[in-house]
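Asks: Below: sequence and its predicted model.
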Amino acid sequence: MSDKVDTAVRSMKAVGTEITQWENRKQYVENEVRQLTQAKEALKAEIEKKTSDYAIYIAQRDSETKKQRQDVLDERAQLDRDKSEFQDILKQFKKEQVAFADKKKEVDNQNANYEGQMNSIREFVIAVQRASSLIGL
């Protein structure tokens, strides 16, 4: 019976040791779970912050892009208006240039006519002077 008691006591001690080991393992696992949960929460918070920061960044970039696109469209519209205005000015200039060329041609023709008349008058004066000198006046 003493053998049985010794075996039972040893079994009890072994069971007690094994229970202590399992409790230690349980405590270790609980600590590990707590640490991993904290790490998970920290990573989740960091991911949420970075996601939020990225969303803000994208919204700013989108806003800047829309503003730049609108600026380009406004500049294009202004260039189109300026182009139209320039073309109107160019048409007016061409009309004035044609009118000036016509006027110049008219003035050149008048000058040629006046020059012809002056030559005719000079010839007439010379003819009259010759006639008067022949007549003796």
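Replies: Done, it's in. Residues are numbered from 1 along each chain as shown.

Asks: Would you mind listing where this structure has pLDDT under the threshold?
Replies: Within the chain, the set of residues satisfying pLDDT under 70 comprises 1, 137.

Asks: residue ranges for the helices of it, please.
Replies: Ranges of helices within the chain are 2-135, based on DSSP state H.

Asks: residue closest to the middle of it?
Replies: In the chain, the residue lying closest to the centroid (C-alpha atoms, centre = their mean) is residue 68, at 4.2 Å.

Asks: That one and residue 29, how far apart?
Replies: 56 Å (C-beta to C-beta, to the nearest Å). Where you see a C-beta, it was placed from the backbone N, CA and C, and this is true even at glycine.

Asks: Same check on residue 11?
Replies: Counting by C-beta to C-beta - residue 11 and residue 29 are separated by 26 Å.

Asks: go on, residue 18?
Replies: For residue 18, the distance to residue 29 - C-beta to C-beta - is 16 Å.

Asks: Next: residue 124.
Replies: For residue 124 relative to residue 29 (C-beta to C-beta), the value is 136 Å.

Asks: cool, and residue 81?
Replies: Where residue 29 is concerned, residue 81 sits at a distance of 76 Å (C-beta to C-beta).

Asks: now do residue 105
Replies: 109 Å.

Asks: do the same with residue 3
Replies: From residue 3 to residue 29 the distance is 38 Å (C-beta to C-beta).

Asks: More neighbours: those two, which one.
Replies: Neighbour count, other C-beta atoms under 10 Å: between residue 3 and residue 29, residue 29 has more, with 10 against 7.
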